[in-house]
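Asker: sequence? don't have it. structure:
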């Protein structure tokens, strides 16, 4: 039981990171129907920004988090403006290839600039280094911070999407872009805002993962990116609560498979669950199946 | 009429065959450049077969490398036991058949999904195949299989590549091929016209898998070393890039893009540190300026004959 609880704690921490990244995938997919392959690299760049803030500028955790989020926000919007906006009316597959190109560009561009070597986040001190024992379950302050940050960001996101004008515009554009435009919504700005928010969340996830796992490298985004995307599809792509549920589910499943089964098979299990979900409930766990119009 | 239609293709293939043969015989093509040619041949098979699935039938697959790995491992295991030419041919046949079988098995349930969902399901499938190879005893896990016998020379490579091209082209001009294209154009309309869409989707998917298996077997039998990571998600993406760059629904486009991309990447190998950055930047630039790919959905022959008829018409007008 204790082992199970311990695994659960670890799974929730990992799931928080997946959920944050999945939110960006799901928001972008919801609004322009693009699998934004570059998203996982924004997450990686967030981790690097956090790393440089902490090592070169000696900032503590929260300021670094904010800087990384801002940096990623700018980067995400820039990528959208340069690479995706000119293709707004092109075939979706060309857009997808552009996203893949952008992803490779960020990965190898980073590798070129800072070299491929693995960097280590500075060890957390003081407040961040505390650990707690609840019964025999070990909970680190980092895990609490990860969970708290994730929940805070998710509440903020829910607030933005549900109660602000920009959020309303986002929902309208994702429902029907043309109709939204006819109602006077600036579609381009709304798409930029979506990229900004999604990228900021990915940046936050990057710093959190750096703090939690300590090591970062230019290709660190690829596998978590795929899994976060799986999480988004799992929960129902385009749905914000779906991404959260999916993220936590995938995180916990992954940790449990590594803990109780064979860690070599953990990726296979994740993808097998995905395929099952797609076959049984193609719109995802929380999604509604919409009939196709002729 | 039929003969004349095939003539340009036959001439192009014959000229390519003789040209490479002559270059190799005179020693201009050395081992290094021949490896590039083999890669091009394999990529042509992979790209045209993925084009059948994605470009012609409109089923977005991100798992082509998975089928390739099945062909590669099956062939490797067979040629390890039986390192002879018949063994190699048996390996190719078995690898391709195994890949096609998995294609049917995976295709039947997943091809009900549409668009991106199918893409994700195929991606997941390829990842599962990779993890299975990574964990099986017989495939030697992450280290992979090495010191496999080498069989592929220019004759075999040409035979399989040209064979794939001719078979795919004839398939697409056949009635089932047309049915596949109708699925891409409008699935609902095709269905209401009596086209069994599921059947043709699965047919195209398993045919694509079959040729990917052939490509994998050829890879094994030339590069004599395989490991699961060679067939990861990035490999599937590489193949998709060739297809989209050449033009979805254009076999000749895939061939041209496979040649071009390999030449570019060989040339970029001289600048290892910026190679991938340039490659990625180029990819984005090409997509921004030519989103429909080099050839769109037309074939080179169609482009040339259109040009020729335009010139002919102009000449006629001038005569008048």
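Answerer: Sure, I can see it. Computed from a predicted model, the values in this text were never measured in an experiment.

Asker: The host helix or strand of residue A:72: which residues count as buried?
Answerer: Using DSSP states H and E, residue A:72 sits in helix A:61-79. By 16 or more other Cβ atoms under 10 Å in any protein chain shown, the buried positions in helix A:61-79 come out as A:61, A:64-69, A:71-73, A:75-77, A:79. Bear in mind the C-beta positions are built from the backbone N, C-alpha and C, glycine included.

Asker: List the contacts of that helix.
Answerer: A:24, A:38, A:42-43, A:45-47, A:49-50, A:53-54, A:59, A:102, A:124, A:128, A:145, A:149, A:192, A:195-204, A:206-208, A:211 (Cβ atoms under 8 Å, 6 or more residues apart in numbering or on different chains).

Asker: and what of stretch A:273-289?
Answerer: So stretch A:273-289 is contacted by A:230, A:233-239, A:241-242, A:245-246, A:250, A:253, A:290, B:109-110, B:112-113, B:117, B:120-121, B:124-125, B:128 (Cβ under 8 Å, 6+ apart).

Asker: Identify each buried residue in it, please.
Answerer: A:273, A:274, A:275, A:277, A:278, A:282, A:283, A:284, A:285, A:286, A:287.

Asker: Tell me which two of those residues sit farthest apart.
Answerer: Greatest spatial distance in the buried residues of stretch A:273-289: A:275 and A:286, 18.1 Å, computed using Cβ to Cβ.

Asker: Inside helices: which ones of the contacts of helix A:61-79?
Answerer: Counting by DSSP state H, the contacts of helix A:61-79 place A:24, A:42-43, A:45-47, A:49-50, A:53-54, A:102, A:145, A:149, A:192, A:195-204, A:206-208, A:211 in helices.

Asker: just checking: which of these also lie near chain B?
Answerer: residue A:102 (Cβ under 8 Å from any Cβ of the partner chain).

Asker: buried stuff in the host helix or strand of residue B:24?
Answerer: Counting by DSSP H and E, the element that carries residue B:24 is helix B:2-25. Residues B:9, B:12, B:20, B:23, B:24 are the ones in helix B:2-25 that count as buried (16+ other Cβ under 10 Å).

Asker: just to revisit the earlier point, filter the contacts of stretch A:273-289 to the buried ones?
Answerer: Buried among the contacts of stretch A:273-289 (16+ other Cβ under 10 Å): A:230, A:233-239, A:242, A:245-246, A:250, A:253, B:110, B:112-113, B:117, B:120-121, B:124-125, B:128.

Asker: So which residues of the stretch 51-200 of chain A form strands?
Answerer: A:119-120, A:131-134, A:137-140 (DSSP state E, counting those that start in this stretch).

Asker: and among those strands, the most buried is which?
Answerer: Per residue and on average, the most neighbours among these fall to strand A:137-140, with a mean of 17 (mean count of other Cβ atoms under 10 Å in any protein chain shown).

Asker: Figure out how far that one is from the centre of its chain.
Answerer: 25 Å (Cα atoms, centre = their mean, to the nearest Å).

Asker: who in the stretch 51-200 of chain A is up against chain B?
Answerer: A:83, A:86-87, A:90-91, A:93-95, A:97-98, A:100-105, A:107-109, A:111-112.

Asker: which of those residues count as buried?
Answerer: Here, 16+ other Cβ under 10 Å leaves A:83, A:87, A:90, A:93-95, A:97-98, A:100-105, A:107-109, A:111 buried among those.

Asker: And residue A:216, its phi and psi?
Answerer: Phi and psi for residue A:216, reported as degrees, to the nearest 10, are phi -140, psi 150.

Asker: quick revisit: so which of the residues of the stretch 51-200 of chain A next to chain B are in helices?
Answerer: A:93-95, A:97-98, A:100-105, A:107-109, A:111-112.

Asker: what residue ranges in the stretch 101-250 of chain B score low on pLDDT?
Answerer: For the stretch 101-250 of chain B, no stretch has pLDDT under 70.

Asker: Point out where chain A drops to low pLDDT.
Answerer: Scanning chain A for pLDDT under 70 picks out the ranges A:289-294.

Asker: related to what we said a few turns ago, helices - which of the contacts of stretch A:273-289 land there?
Answerer: Going by DSSP H, the helices hold A:230, A:233-235, A:241-242, A:245-246, A:250, A:253, B:109-110, B:117, B:120-121, B:124-125, B:128 from those.

Asker: quick one: residue A:27 and residue A:14, what's the gap?
Answerer: 21 Å (Cβ to Cβ, to the nearest Å).

Asker: how about stretch B:162-172: buried residues?
Answerer: B:162, B:164, B:165, B:168, B:169, B:171, B:172.

Asker: Stretch A:250-266 too?
Answerer: A:250, A:251, A:252, A:253, A:254, A:255, A:256, A:257, A:258, A:259, A:265, A:266.

Asker: How about stretch B:290-301?
Answerer: Buried residues in stretch B:290-301, counted by 16+ other Cβ under 10 Å: B:291, B:292, B:293, B:294, B:295, B:296, B:297, B:299, B:300.

Asker: So the second one sits against residue A:87, correct?
Answerer: Put plainly, it is residue B:292. No - Residue B:292 lies out of contact with residue A:87 (Cβ atoms under 8 Å); the separation is 10.9 Å.

Asker: so what sits against both of the two?
Answerer: By Cβ under 8 Å, 6+ apart, the residues touching both residue B:292 and residue A:87 are residue A:94.

Asker: And the residue lying closest to residue B:180 once chain neighbours are set aside, how far from residue B:212?
Answerer: Among residues not flanking residue B:180 along the chain, residue B:57 sits closest, at 4.3 Å (Cβ to Cβ, 6 or more residues apart in numbering or on different chains). Using Cβ to Cβ, we find residue B:57 at a distance of 15 Å from residue B:212.

Asker: Might you enumerate the residues of the stretch 101-250 of chain B proximal to chain A?
Answerer: B:109-110, B:112-114, B:116-117, B:119-121, B:123-125, B:127-128, B:131-132, B:134-135, B:188, B:233, B:237, B:240-241, B:244-245, B:248.
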